[in-house]
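J.: Mind looking at a prediction? Sequence and model below.
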Amino acid sequence: MTIRLLLADDQVLVRQALGTLLDLEDDFEVVAQVGRGDEVVGAALECSPDVALLDIEMPGLDGLAAAAVLAEQVPGCRVVVLTTFGRAGYLRRAMEAGAVGFVVKDAPAEALGDAIRRVMLGERVVDPALAVATLAAGESPLTARERDVLIAARGGGSVAEIAGSLYLSEGTVRNYLSGAIAKTGARNRMGAVRVADDRGWL
């Protein structure tokens, strides 16, 4: 049986090299490649892949959000998150989004092929070290709104700019930032962004 694959990664060289590598396997066929998260579902609907390999950081829609939409609109397609970001929070969010596999890009090529074959058999595949780190880290303490505010704060904009982008009052934004700073143990909002990013909470 040939396993049909969709690859989504915004780095063209990485995506093409991965496609070439996977096409060398007798039981794999790369049927679609996209460079944006918001192109994933359209490509899946058009090409009917068995497995989608999604990077996390992509323009248009990140890989975790794309995984959630894919699980809803193309439920027969299994999702494996393939990323350089081996962070505990990302693994938890990927599984919540419907992904059945999570493989870091520095894993050996054989590990990726094995992961694809195992998810086709109905298994969940997770990097063991990342699974342990996820259990140790626990869940994100941030509320959905605190997370939104920190994501908006990444660019270093003022409270007024963050408030405008999220359609919130400046006072409300300050309250969410204060909560996020306290929960991350940071000294300021950019520190909170760094901590939350490092733990995969954003």
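T.: Everything's here; your move. Just so it is clear, the model here is predicted, and its values are computed rather than measured.
J.: switch to C-alpha atoms for all contacts and neighbour counts from now on
T.: Fine.
J.: and Thr83, what are its phi and psi?
T.: Dihedral angles phi and psi of Thr83 (degrees, to the nearest 10) take the values phi -150, psi 160.
J.: Quick check: beta-bridge partners of it?
T.: Using DSSP bridges, the bridge partners assigned to Thr83 are Val104.
J.: Might one say that it is in contact with Asp55?
T.: Yes: here Thr83 reaches Asp55: they are 5.1 Å apart, a contact under CA atoms under 8 Å.
J.: Which one of these two is surrounded by more residues?
T.: Using other CA atoms under 10 Å, the more surrounded residue of Thr83 and Asp55 is Asp55, with 29 against 21.
J.: distance of Leu91 from Gly19?
T.: 24 Å (CA to CA, to the nearest Å).
J.: Compare these two (neighbour count), which wins?
T.: The neighbour count for Leu91 versus Gly19, taken as other CA under 10 Å, is higher for Leu91 (25 against 20).
J.: mind listing the strands for the protein?
T.: 3-8, 28-34, 51-54, 78-83, 101-104, 125-126 (DSSP state E).
J.: tell me what the last one is packed against?
T.: Contact analysis of strand 125-126 by 3 or more CA pairs under 8 Å, 6 or more residues apart in numbering; DSSP states H and E lists strand 101-104, helix 109-120 as its packing neighbours.
J.: ok now that strand, how far from the chain's centre?
T.: In terms of CA atoms, centre = their mean, to the nearest Å, the centre of strand 125-126 is set 14 Å apart from its chain centre.
J.: May I have the strands that pair with that strand, each with its orientation?
T.: Strand 125-126 has these strand partners (DSSP bridges): strand 101-104 (parallel).
J.: in the strand it pairs with, what's buried?
T.: 101-104 (16 or more other CA atoms under 10 Å).
J.: so Ile151 touches Val193, yeah?
T.: Yes: the pair Ile151 / Val193 is scored as a contact, 7.4 Å apart, by CA under 8 Å.
J.: neighbour-wise, which of these two wins?
T.: Neighbour count, other CA under 10 Å: between Ile151 and Val193, Val193 has more, with 27 against 16.
J.: Check the spacing between that one and Arg93 real quick.
T.: 17 Å.
J.: give the contact list for Arg36.
T.: 8-10, 58-61 (CA atoms under 8 Å, 6 or more residues apart in numbering).
J.: go again using 6 Å as the cut-off
T.: Listed by CA atoms under 6 Å, 6 or more residues apart in numbering, the contact set of Arg36 reads 10, 58-60.
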